[in-house]
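Colleague: Sharing a model that was predicted from the sequence below.
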Amino acid sequence: NPDQDPVFFEKIYLHFHGGGFVFGSTRESVPWIDRIAKDKQCPVFSVDYKLAPTYKFPLGLSDCWLAYLWLIKYAKRYLKIDFKQI
């Protein structure tokens, strides 16, 4: 709902799965992500970044950086989430 007021969270968690930009996925991390959300009482956003060798480094790192920037700029507008820290 575009007219809805944003929900405020003290923090949000931006998660990058392990794998050194070579393997892994958000899907494999779901149990861990669920636990973080429950323990920290905050929304968790997980990024499926580009993996080597299909994509050369630093494209995966760039995906992570762009996700961070997107949350800062657009979370309030599109997700209706406002926050103090990531």
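Modeller: Everything's here; your move. Residues are numbered from 1 along each chain as shown.
Colleague: F16: how many residues sit nearby?
Modeller: Counted by other CB atoms under 10 Å, the residues lying close to F16 total 20. (Each C-beta comes from the backbone N, C-alpha and C, glycine too.)
Colleague: actually S29, not the one I wrote
Modeller: There are 19 residues near S29, going by other CB under 10 Å.
Colleague: Report the separation between it and Y78.
Modeller: In this view, S29 and Y78 are 23 Å apart by CB to CB, to the nearest Å.
Colleague: What of D39?
Modeller: D39 is 26 Å from Y78, where distance means CB to CB.
Colleague: Same question for Y55.
Modeller: Distance of Y55 to Y78, given as CB to CB: 26 Å.
Colleague: who's more crowded, those two?
Modeller: Y55 (14 against 10).
Colleague: so what pLDDT did that one get?
Modeller: Y55 is assigned 96 on the pLDDT scale.
Colleague: Now the phi/psi pair for it, please.
Modeller: The phi and psi values for Y55, taken as degrees, to the nearest 10, are phi -120, psi 130.
Colleague: Now E28. Nearest residue, chain neighbours left out?
Modeller: Leaving aside its chain neighbours, E28 sits nearest to H17 (6.6 Å; criterion: CB to CB, 6 or more residues apart in numbering).
Colleague: cool, and G24?
Modeller: Of all residues not flanking G24 in the chain, H17 sits nearest, at 4.4 Å (CB to CB, 6+ apart).
Colleague: count of residues packed around that neighbour?
Modeller: 18.
Colleague: Give the full set of residues in contact with it.
Modeller: Contacts for H17 (CB atoms under 8 Å, 6 or more residues apart in numbering) come out as 24-26, 28-29, 46-48.
Colleague: and if we set it to 6 Å?
Modeller: 24, 26, 29 (CB atoms under 6 Å, 6 or more residues apart in numbering).
Colleague: State the helix or strand in which F23 lies.
Modeller: In this structure, F23 sits in neither a helix nor a strand according to DSSP states H and E.
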